[in-house]
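Trainee: pasting the structure only:
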């Protein structure tokens with residue numbers, strides 16, 4: 001009986017999980033987003049790349065110019081493609 005009650009309490013807790021709104025993105029029309037961990041990620045549109053280190057609560061503008069694509073392998077290593085010089 002104790003195991004069934006524990007399962008029901010756990011299931012109710014999981015079913016109540018919801019998305020929590022993050023911080024306001026400093027860009028309009030995001031075209032790509034990538035996270036390499038629960039806290040570190042990037043988002044970009046065609047001319048701005050932004051980074052978060054706290055799960056999206058705050059965003060910093062990292063680069064402003066033409067951005068075609070980006071890919072990060074870790075929180076400090078990545079690539080960005082642009083049709084203009086960087």
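Mentor: Cool, the structure landed. Please read all numbers here as calculations on a predicted model, not as lab measurements.

Trainee: check the offset of stretch 51-66 from the chain's centre.
Mentor: Here the centre of stretch 51-66 is set off from its chain's centre by 9 Å, with C-alpha atoms, centre = their mean, to the nearest Å.

Trainee: ok, residues contacting that stretch?
Mentor: 22-27, 38-43, 46-50, 75, 80, 82-84, 86 (C-beta atoms under 8 Å, 6 or more residues apart in numbering). Glycine gets a C-beta too; all of them are placed from N, C-alpha and C.

Trainee: can you give the distance of stretch 70-86 from its chain's centre?
Mentor: For stretch 70-86, the gap between its own C-alpha mean and the chain's C-alpha mean amounts to 16 Å (C-alpha atoms, centre = their mean).

Trainee: low-confidence ranges in this structure?
Mentor: 1-21, 84-86 (pLDDT under 70).

Trainee: can you give me the strands in it?
Mentor: Assignment of strands within the chain using DSSP state E yields the ranges 32-35, 41-44, 48-52, 60-64, 69-72, 78-81.

Trainee: single out the most deeply packed of the ones you listed.
Mentor: strand 41-44 (a mean of 21; mean count of other C-beta atoms under 10 Å).

Trainee: what residues does it touch?
Mentor: Defining contact as C-beta under 8 Å, 6+ apart, one finds that strand 41-44 is touched by 25, 27, 30-35, 49-52, 55-56, 59, 62, 67, 70, 72, 78.

Trainee: again, only this time at 7 Å
Mentor: Strand 41-44 is contacted from outside by 25, 27, 30-35, 49-52, 56, 67, 70, 72, using C-beta atoms under 7 Å, 6 or more residues apart in numbering.

Trainee: show me what contacts residue 33?
Mentor: 41, 43.

Trainee: that one pairs with what?
Mentor: Listed beta-bridge partners, residue 33: residue 43 (assigned using DSSP bridges).

Trainee: next, the distance between the ends of stretch 71-78.
Mentor: In stretch 71-78, first residue to last residue: 5 Å (C-alpha to C-alpha, to the nearest Å).

Trainee: cool, and stretch 52-64?
Mentor: 16 Å.

Trainee: with stretch 22-36 instead?
Mentor: End-to-end span of stretch 22-36 (C-alpha to C-alpha): 17 Å.
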